[in-house]
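Asks: Let's see this in three dimensions:
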Amino acid sequence: MGEHLGFIFTALWSILIAFAMPNSKVFGKWLGWLGAAAGVGILLGTLEPVGVPYVGLVNAIAYGLWAIWIAILGVRIIFVKE
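Replies: Residues are numbered from 1 along each chain as shown. All right, here's what the predicted structure looks like:
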């Protein structure tokens with residue numbers, strides 16, 4: 001139950017943050033789209049326990065993309081000034 005909720009809340013947080021990025025000077029639209037894509041992929045991964053095919057693979061790819069996205073966010077927050 002906790003792992004499932006963790007996936008859901010990680011995905012929702014990522015999607016909400018991603019939609020706020022295009023309005024920022026530090027983050028661009030491309031970074032918002034990358035985060036939204038990762039969030040949707042993670043959210044789709046929650047359907048794995050009910051037997052939806054291929055969502056496990058989608059979830060694994062999305063988490064890899066999410067890790068890259070988070071690293072880019074960290075670098076931009078530290079080094080990019082408005």
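Asks: buried residues in the longest helix seen in the chain?
Replies: Longest helix of the chain, by residue count under DSSP state H: helix 55-79. For helix 55-79, a neighbour-count test (16 or more other C-beta atoms under 10 Å) marks 55, 58, 59, 62, 63, 65, 66, 69, 73 as buried. (Each C-beta comes from the backbone N, C-alpha and C, glycine too.)
Asks: so how far is stretch 24-36 from its chain's centroid?
Replies: Its chain's C-alpha centre and that of stretch 24-36 lie 11 Å apart, by C-alpha atoms, centre = their mean, to the nearest Å.
Asks: what does stretch 62-80 give?
Replies: Counting by C-alpha atoms, centre = their mean, stretch 62-80 is centred 10 Å from the centre of its parent chain.
Asks: can I get the CA coordinates of that stretch in PDB?
Replies: Provided in PDB are the C-alpha atoms of stretch 62-80 (Å, rounded to 0.1, in the frame of the first residue of the first chain):
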ATOM      1  CA  ALA A  62       9.800   6.900 -16.500                       C
ATOM      2  CA  TYR A  63      11.700   6.600 -13.200                       C
ATOM      3  CA  GLY A  64      15.000   6.800 -15.200                       C
ATOM      4  CA  LEU A  65      13.700   9.900 -17.000                       C
ATOM      5  CA  TRP A  66      12.500  11.300 -13.600                       C
ATOM      6  CA  ALA A  67      16.000  10.800 -12.100                       C
ATOM      7  CA  ILE A  68      17.600  12.700 -15.000                       C
ATOM      8  CA  TRP A  69      14.900  15.400 -14.700                       C
ATOM      9  CA  ILE A  70      15.500  15.800 -10.900                       C
ATOM     10  CA  ALA A  71      19.300  16.100 -11.500                       C
ATOM     11  CA  ILE A  72      18.800  18.800 -14.200                       C
ATOM     12  CA  LEU A  73      16.400  20.700 -11.800                       C
ATOM     13  CA  GLY A  74      19.100  20.600  -9.100                       C
ATOM     14  CA  VAL A  75      21.800  21.900 -11.400                       C
ATOM     15  CA  ARG A  76      19.500  24.700 -12.700                       C
ATOM     16  CA  ILE A  77      18.500  25.800  -9.200                       C
ATOM     17  CA  ILE A  78      22.100  26.000  -8.100                       C
ATOM     18  CA  PHE A  79      23.700  27.600 -11.100                       C
ATOM     19  CA  VAL A  80      21.100  29.500 -13.100                       C
END
